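**Student:** Return a 3D structure for these sequence lines:
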Amino acid sequence: MINRNTILGALCVLLVFALSAMPSFGQGTEDLYQQGRVKLSIAGSFSNTYIDPQMDWADDVDVMMNELGIQLSAGYFVADALEVGVRTLWTYRYAEASATYDYGEYGKYEAYDESNQWGIALTAFLAYYFPNASNITPYLGVQGGLDFLWEDSRSEWSEAGEEDEYPSENSSDSFTYTVGGIVGVEFLVGEETTVFAEYQGTYAEHDYSETSNYSDEEYTYTAEQWTNRILIGIATFL
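**Tutor:** Numbering: from 1, shown residues only. Predicted coordinates:
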């Protein structure tokens, strides 16, 4: 089955090539993307992340988190229109979720969770631009690197079928890899300055280690994460 992320990615690629075929107007962008140039940028981001935790003690825990972030990027054109570089992204995520947990001899519990998650990602990227005689330049790319997350959450627990609630505070962290694709478009607003809009689709698989003030035990679990991210930013060329 074709999922929503596949459709969105295909539409973004079609948009890139449609923009690259636009008629010529303005001063053009060919000179910006020549070999030897450096590009620096800063962008704000908004995204939603689907998280699928693999917990032996929990049933059907699917979480959707909204994210805000700031990205800094530095790239170097190793050839005309071909950029390699590094990026760092700081993010904050918030989510609410409900789940049923099965702790075996301790019984089944229902929980309502509120989670705050912070992240730092450091990635390398490769991007190819489609410069033309217009003021609009589309581009495609790939990226991959490291992703560190830490989370604080608060839960309200109750035994299945009971009304009494037990509060719990949890903390967890994870360090892993992330990979993804990039589709974007830049608009020339000055001789050496552009503003841009970019879509990133990324995947990561995190191994979490979680501790709770309700129990002295430490729990570990794996969670797959798919992120759709939109960035709006400004760049300068040196």
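**Student:** Locate Ser41 within the secondary structure: which element?
**Tutor:** Applying DSSP states H and E as the criterion places Ser41 in strand 38-54.
**Student:** Counting by contacts, list what that strand packs against.
**Tutor:** Judged by 3 or more CB pairs under 8 Å, 6 or more residues apart in numbering; DSSP states H and E, the packing partners of strand 38-54 are strand 63-79, strand 82-102, strand 193-212, strand 215-237. In this view, the C-beta of every residue, glycine as well, is placed from N, C-alpha and C.
**Student:** wouldn't Asn48 be in contact with Thr227 here?
**Tutor:** Yes. With contact defined as CB atoms under 8 Å, Asn48 reaches Thr227; the gap is 7.4 Å.
**Student:** Show me which of those two is the more surrounded one.
**Tutor:** Thr227 (23 against 15; other CB atoms under 10 Å).
**Student:** Provide a list of residues in contact with the more buried one.
**Tutor:** Neighbouring residues of Thr227 by CB atoms under 8 Å, 6 or more residues apart in numbering: Ser47, Asn48, Thr49, Tyr50, Glu67, Gly180, Gln200, Gly201, Thr202, Tyr203, Ala204.
**Student:** Can you add distance to Gln35 and give the helices and strands packed on strand 38-54 back as JSON lines?
**Tutor:** Putting the helices and strands packed on strand 38-54 into JSON lines (distance: least, CB to CB, whole Å) gives the following:
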{"stretch": "strand 63-79", "distance to Gln35": "5"}
{"stretch": "strand 82-102", "distance to Gln35": "8"}
{"stretch": "strand 193-212", "distance to Gln35": "18"}
{"stretch": "strand 215-237", "distance to Gln35": "13"}
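**Student:** Looks like Val84 contacts Phe125 (just checking).
**Tutor:** Yes. In this structure Val84 lies within contact range of Phe125 using CB under 8 Å: 7.2 Å.
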